[in-house]
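**Student:** got a predicted structure here, sequence first:
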Amino acid sequence: MAFTSLKNDKELKAFNTFLENKSYVSGYSVSKADFDTLKLLAKAPEASYAHVLRWYNHIKSFEEDKSAPACPMKTATTTTAPKKQETKEEDDDVDLFGSDDEEESEDAQRIREERLKAYNEKKSKKPELIAKSSIVLDVKPWDDETDMKAMEKQVRTIEMDGLVWGASKLVPVGYGINKLQIMCVVEDAKVSVDLLTETIQDFEDFVQSVDIAAFNKI
């Protein structure tokens with residue numbers, strides 16, 4: 001579903017209702033549709049639009065840590081690269097070590113060491129990309145008498161550094177039994193998917209088993 005305007009209360013309420021059981025504008029992972037919709041908001045929405053505020057902060061986090069998937073952006077209309085860019089590329093190609101065949105003076109050695117130090121400092125300041133995954137879990141109950149709302153509440157009590165819970169829904173599996181399908185986003189270096197599923201299965205009064213329905217790298 002595409003949203004072209006979020007300027008008034010009516011449009012924000014409609015968007016908030018849309019996000020009640022969804023984490024993204026389209027599909028199970030962040031996409032161009034989320035970034036296009038984000039541009040319609042000049043600032044963070046009020047707390048009364050709880051689902052929009054959750055979505056806004058989540059999509060904003062991809063911009064801050066530079067780990068969001070590549071989205072088509074406006075392409076440059078000029079064909080000539082700016083002079084400053086050429087100068088930067090020339091600086092990156094500076095020979096930091098000089099020639100072995102030339103005897104260095106003290107000044108030349110000092111300049112080389114300063115450039116090497118500046119290069120290492122510049123390299124060390126580059127932000128580290130954070131690898132993330134979007135996961136959809138199928139949490140199956142014991143029978144049709146299992147309290148599914150209580151089950152979801154228990155699942156969402158699980159807190160891990162690098163884990164963010166998303167939207168959920170009940171999916172019929174037959175004989176009046178529903179399974180809980182719930183989304184989450186995890187930082188790969190911090191969250192073990194095996195540990196997460198085992199922790200959910202520890203709620204033995206509610207959970208019979210846990211399966212991974214979808215797993216996508218972000």
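**Tutor:** Yep, that arrived. None of the values given here were measured: they were computed from a predicted structure.

**Student:** for the most centrally placed residue in the chain, grab phi and psi.
**Tutor:** The centre of the chain sits closest to Phe62, judged by Cα atoms, centre = their mean, with a distance of 4.9 Å. Phi and psi for Phe62, reported as degrees, to the nearest 10, are phi -70, psi -30.

**Student:** and Glu106, how many residues sit next to it?
**Tutor:** By the criterion of other Cβ atoms under 10 Å, Glu106 has 7 neighbours. C-beta coordinates here come from the backbone N, C-alpha and C atoms, glycine included.

**Student:** my guess is the residue nearest to the centre of the chain contacts Val30, does it?
**Tutor:** Yes. Counting by Cβ atoms under 8 Å, Val30 is a contact partner of Phe62 at 5.9 Å.

**Student:** specify the local secondary structure of the nearest residue to Pro45 once chain neighbours are set aside.
**Tutor:** With sequence-adjacent residues excluded and distances taken as Cβ to Cβ, 6 or more residues apart in numbering, Pro45 is closest to Val52, at 4.5 Å. Look at Val52: counting by DSSP: H, G, I helix; E, B strand; the rest coil, its state is helix.

**Student:** show me what contacts Val52?
**Tutor:** Residues near Val52 by Cβ atoms under 8 Å, 6 or more residues apart in numbering: Leu12, Phe15, Asn16, Leu19, Pro45.

**Student:** residues contacting the first one?
**Tutor:** Shown here is Leu12, whose contacts under the criterion Cβ under 8 Å, 6+ apart are Leu6, Pro45, Tyr49, Val52.

**Student:** name the element it belongs to?
**Tutor:** Using DSSP states H and E, the element containing Leu12 is helix 9-18.

**Student:** could I get that helix in PDB with only the CA atoms?
**Tutor:** Provided in PDB are the C-alpha atoms of helix 9-18 (Å, rounded to 0.1, in the frame of the first residue of the first chain):
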ATOM      1  CA  ASP A   9      -4.700  13.900  11.400                       C
ATOM      2  CA  LYS A  10      -6.900  11.900   9.100                       C
ATOM      3  CA  GLU A  11      -4.000  10.600   7.000                       C
ATOM      4  CA  LEU A  12      -1.800   9.900  10.100                       C
ATOM      5  CA  LYS A  13      -4.700   8.000  11.700                       C
ATOM      6  CA  ALA A  14      -5.100   5.800   8.600                       C
ATOM      7  CA  PHE A  15      -1.300   5.200   8.400                       C
ATOM      8  CA  ASN A  16      -1.300   4.300  12.200                       C
ATOM      9  CA  THR A  17      -4.100   1.800  11.600                       C
ATOM     10  CA  PHE A  18      -2.300   0.300   8.700                       C
END
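
**Student:** any buried residues in that helix, and which?
**Tutor:** Using 16 or more other Cβ atoms under 10 Å as the test for burial, helix 9-18 gives Leu12, Phe15, Asn16.

**Student:** and if you look at stretch 188-204?
**Tutor:** Val191, Leu196, Thr197, Ile200, Phe203.

**Student:** same deal with stretch 159-178?
**Tutor:** Residues of stretch 159-178 classed as buried under the neighbour-count rule (16+ other Cβ under 10 Å) are Val164, Trp165, Gly166, Ala167, Ser168, Ile177, Asn178.

**Student:** max pairwise distance over those residues: which two?
**Tutor:** Distance extremes for those: the farthest pair is Val164 and Ile177 at 28.2 Å, using Cβ to Cβ.

**Student:** so for the helix or strand just after the helix holding Leu12, mean pLDDT?
**Tutor:** Using DSSP H and E, the helix or strand that follows helix 9-18 towards the C-terminus is helix 32-38. Confidence for helix 32-38, expressed as mean pLDDT, is 86.
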